[in-house]
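fold the following, please.
(4 chains)
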There are 2 protein chains.
Amino acid sequence: MNISVIHDCRQELRLVDLKVTPARIAVLKLLEETDQPLDVAAIIDSLEEQGIKADQATVFRIMNIFTDKGLTKQLQLNESKFRYEKTGDEHHHLVCERCGTIEDISDCNITDLENDIRLKKGFLVKRHSLEFFGVCQSCQP
Amino acid sequence: MNISVIHDCRQELRLVDLKVTPARIAVLKLLEETDQPLDVAAIIDSLEEQGIKADQATVFRIMNIFTDKGLTKQLQLNESKFRYEKTGDEHHHLVCERCGTIEDISDCNITDLENDIRLKKGFLVKRHSLEFFGVCQSCQP
DNA sequence: GTGTATGCAAATGTTTTGCACGTCC
DNA sequence: GGACGTGCAAAACATTTGCATACAC
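Below is the predicted model:
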């Protein structure tokens, strides 16, 4: 199973014309296996735990090129840093302001709204960000 | 008219238990008069043009306390910095990736969605961020 | 007069950049 | 072999903090 993930990663990189390197495979694999969006520091730490040492400049460069190529998405969750997650099913996030947990949520029908915007404002929406902040179930009284 | 804005600002500050200082009045007035969300550097520059000199530490502290008190909102528009705007009618933003213009948009019915989230996930939404990125009318072919 | 805001300088955290060296194809 | 990725160090920004002084109330 590990082997299949690695294989997919190599193919995924080639599909977007990126050279296959150990660092890129490791980052892509990590994001594949992680359910929370990670910031660069967390990515470096996780890789280090696996015995993989990667420079922060390298990881920033990897995240930028992955995001350019559409392999990952760059999120801002009201922190002064970016987080990254693998591109996949469209979803948004529920961020608990008490415990910090980030939960995914799907089925937000923004497409209708984007069409409205196109018609009313002439603005062509390429992408959007939608995040919810509040208190998760476990943190409520 | 100028006088009335200043007056409102003083009152607004007092209503949220903040001391009335020249720097706070100037920032609040500036955000009142500006239609685009501003970052701290832009705030400092605009004040400087008016002959008002304010330290960056001061402006950051002002923006933090204004946001805590609900006078302003802190936005992230996919830049590695915060922008601020006065709290008022709920609206979201259309950010043109070509010319950088930020346009406001209202009537995004997110409330229904927030209720759904409450019911389905037990997550209590306190606030959300919704921003659209794309190409504005003037920048289209 | 007292508590708090401000300015200044320095520290911290995130992201980018230049350059020499190493590695993928 | 040549283009491109990486590591290291330093720079560039954004934001915060400590402390002495100035100001609001």
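
C-alpha only now, for contacts and for neighbours.
OK.

mind listing the strands for chain A?
A:72-75, A:83-86, A:92-96, A:102-105, A:124-135 (DSSP state E).

and the residue in chain A positioned nearest to DNA strand C, how far from residue B:129?
Residue nearest to DNA strand C within chain A: residue A:81 (3.3 Å; Cα to the nearest atom of the strand). Residue A:81 sits 16 Å away from residue B:129, going by Cα to Cα, to the nearest Å.

out of these two, which sits in the busier spot?
Shown here are residue A:81 and residue B:129; by other Cα atoms under 10 Å in any protein chain shown, residue B:129 has more neighbours (19 against 15).

for that one, give me its contacts.
Residue B:129 sits next to A:129-132, B:75, B:92 when contact means Cα atoms under 8 Å, 6 or more residues apart in numbering or on different chains.

who's it bridged to?
For residue B:129, the beta-bridge assignment (DSSP bridges) gives partners residue A:131.

how close does it sit to residue B:74?
From residue B:129 to residue B:74 the distance is 10 Å (Cα to Cα).

again with residue A:13
From residue A:13 to residue B:74 the distance is 36 Å (Cα to Cα).

the more surrounded of these two?
residue B:74 (22 against 19).

isn't the more buried one up against residue B:81?
No - here residue B:74 does not reach residue B:81: they are 10.0 Å apart, not a contact under Cα atoms under 8 Å.

tally of neighbours for residue A:32?
Neighbours of residue A:32 (other Cα under 10 Å): 14.

what do you get for residue A:57?
Counted with other Cα under 10 Å, residue A:57 comes out at 10.

next: residue A:90.
Neighbours around residue A:90, by other Cα under 10 Å: 10.

how much space between it and residue A:105?
Distance of residue A:90 to residue A:105, given as Cα to Cα: 9 Å.

what does residue A:49 give?
29 Å.

ok, residue A:119 next?
Counting by Cα to Cα - residue A:119 and residue A:105 are separated by 27 Å.
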